[in-house]
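[1] A predicted structure for the sequence below; I have some questions about it.
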Amino acid sequence: MTRWTRSKMDQRCGLCGRTILVGEPAFEIVLRMVKRPLVRCPQCAWSPTPPDLPARIEQQATTTRMEPVAAVAKRTLRERLVLLLGGKVE
Ligand SMILES: [Zn+2]
């Protein structure tokens, strides 16, 4: 199977060795027994780059800031006291 995609990382064309930069069109040759697809640059691919190839989609990892354990412990203790004492904790 072959497909056109946008390069997700800098990688080298498997034929000419040209660096395919992030976001540039890359022609991938997916073989059933090979884990990673073979990559070709637009000059070495045997099919022309499709004009409707979507632009690279920005994907950013979402991270949540962790609270310090002490802050969580204080808060949970406070919540427990509120439950125990019926809502009056200074
Ligand atoms: Zn090439």
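    Good, I have the coordinates.
[2] near the ion, which residues of the chain show up?
    Taking C-beta under 5 Å from the ion as the test, the list of the chain residues beside the ion reads Cys13, Leu15, Cys16, Arg18, Cys41, Cys44. (Each C-beta comes from the backbone N, C-alpha and C, glycine too.)
[3] let's go with 6 Å and repeat that
    Residues of the chain lying near the ion by C-beta under 6 Å from the ion: Cys13, Leu15, Cys16, Arg18, Arg40, Cys41, Gln43, Cys44.
[4] sec struct for the closest residue to the last one other than its chain neighbours, please.
    Sequence neighbours aside, Leu15 is the residue nearest to Cys44 in space, at 4.2 Å (criterion: C-beta to C-beta, 6 or more residues apart in numbering). Reducing the assignment at Leu15 to three states with DSSP: H, G, I helix; E, B strand; the rest coil gives coil.
[5] burial count for Leu15?
    When neighbours are counted by other C-beta atoms under 10 Å, Leu15 registers 13.
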